[in-house]
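Enquirer: model the structure of this input:
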Amino acid sequence: MAPRAAAFAALTSAFLATAVAGLASAQAPAAKPAAAAATPAAAQPPASDSLPVPPPPQIVGTAWVLMDAASGNILASHEPDMRVEPASITKVMTSYVIAAEMAGGKVKDTDQVMMTENAWRKGGAATDGSYSGFEVNKTAPLVEMEKGMVVQSGNDAAIALAEHVAGSEDAFAALMNQYAARIGLKNSHFMNPHGLSQENHYSTAHDLALLGRALIHDFPTAYSYNKIKELKVGPITQPNRNLLLWRDSSVDGIKTGHHSKAGYCLMASAQRGDQRLISVVMGSSSEAQRASDSQALLNWGFRFFETHKLYDAGKAIAKQKVWKGQSAEVQLGVAEPLLVTVQRGKYPQLKPSMDVPKTLVAPVKKGQAIGTVKVMLDGKVVAQRPLVALAAIEEGGFFKRLWDEFWMWWESD
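Expert: Numbers count the residues shown, from 1 in each chain. Next up is the predicted model:
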């Protein structure tokens, strides 16, 4: 991937140098090439390179999404922004909040968490929902209680953890919504830590994919609990309900969900090589259906798409002339890595372009947006990011500004 990225960056710099300078040169017609020898069929590129990506598999569900975890690109979807009840996939948000509060020093994984009567009555064995098996009015280490929530989908464990972290379920729900806003979940609202049906408790397939992506990226230790296949609490051993953990060794999460209003739901993720995909299927008809559909989506995505890093964050990919500054030019780059997901075999066809101002006058702040870098494929923009200044350029002295003012006036004609 690194040599390709370097070549892509070199191509971009060359493009910008030509575009900014506005140079053009006429070339003499090239001599007519000699007829090339026919290429053997076996040495030619795969025929599939010239064909469009086939449609995604047929999915049973009210809403679904397939996302590339690195780029965040949506590869396929159906009703991605429709409000749905997230059921126990809510517990992924609960895991995120716990991990974030732990990272901030508010709680520790060794904290003793009490299984309160409230948690046991609302989410324990006497209810219709999933439960962890921890004994009422007894404590367990936070990390074990969290595994009981993640692996066994224990509603009682989710409530006990919420009470420990925030003091009450309502206070924890407020934390969930604050962190959801930070992650960028624009169409989600949480009312409880477990996902049982409640008014104003909703999300979307797209938001849930973003949530899974955030947990994977921000808190890999917390995410790793999702691949545990079974967990024993006291005398009870319960399996993880994510059937893909047994079917596909590349799958390492994420979370199942089900209740009568939500249907059968599954947020899954798999990594093959250096590519990771996330699928979300909501409102499926059965446990088996959600698993087979999620598997089909992941297989389709890995077969037909690939992701490449085009530019690293903070690395210079172009230069821009600066007038009236202490330096004559500023280096430009991207604030975050620029990754793009494209059909397999299409990477060499990507075309970079940059929009930058003809005139840039100091002062320039570090991180200031100067222009835009776009990546095109088949005439369509597949990625676009701001070009930012990688260093500050202070205003030059009086005579420097006066001299540049003259040349700016001269070149304006």
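Enquirer: so after the helix or strand harbouring Asp156, what's the next helix or strand?
Expert: According to DSSP states H and E, Asp156 maps onto helix 155-166. Using DSSP H and E, the helix or strand that follows helix 155-166 in sequence is helix 169-183.
Enquirer: buried residues in that next one?
Expert: Glu169, Phe172, Ala173, Leu175, Met176, Asn177, Tyr179, Ala180, Ile183 (16 or more other CB atoms under 10 Å). C-beta coordinates here come from the backbone N, C-alpha and C atoms, glycine included.
Enquirer: and for stretch 208-219?
Expert: In stretch 208-219, counting by 16+ other CB under 10 Å, buried: Leu208, Ala209, Leu210, Leu211, Gly212, Arg213, Ala214, Leu215, Ile216, Asp218, Phe219.
Enquirer: mind listing the strands for the stretch 201-350 of the chain?
Expert: For the stretch 201-350 of the chain, the strands defined by DSSP state E, counting those that start in this stretch cover 230-233, 236-239, 251-259, 263-272, 275-284, 305-311, 318-321, 329-333, 338-343.
Enquirer: which helices and strands sit right next to the second one?
Expert: Put plainly, it is strand 236-239. If you count contacts as 3 or more CB pairs under 8 Å, 6 or more residues apart in numbering; DSSP states H and E, strand 236-239 packs onto strand 230-233.
Enquirer: what does the strand it packs on contact?
Expert: The contact list for strand 230-233 (CB atoms under 8 Å, 6 or more residues apart in numbering) reads Ser132, Gly133, Phe134, Glu144, Lys147, Gly148, Val151, Gln152, Thr237, Gln238, Pro239, Asn240.
Enquirer: next, give phi and psi for the residue nearest to Arg303 when sequence neighbours are not counted.
Expert: Nearest non-adjacent residue to Arg303, counting by CB to CB, 6 or more residues apart in numbering: Arg344, 7.7 Å away. Note on Arg344: its backbone torsions stand at phi -60, psi 140 [degrees, to the nearest 10].
Enquirer: quick check: Arg344 touching Thr307?
Expert: No - taking contacts as CB atoms under 8 Å, Arg344 lies outside contact range of Thr307: 10.3 Å.
Enquirer: those two: which has the busier surroundings?
Expert: The residue with more neighbours, out of Arg344 and Thr307, is Thr307; 20 against 14, by other CB atoms under 10 Å.
Enquirer: burial measure for the closest residue to the more buried one other than its chain neighbours, as a count.
Expert: Spatial nearest neighbour of Thr307, chain neighbours left out: Thr341 (4.5 Å); criterion: CB to CB, 6+ apart. Thr341 has 22 neighbours, counted by other CB under 10 Å.
Enquirer: many thanks, I have nothing further to ask.
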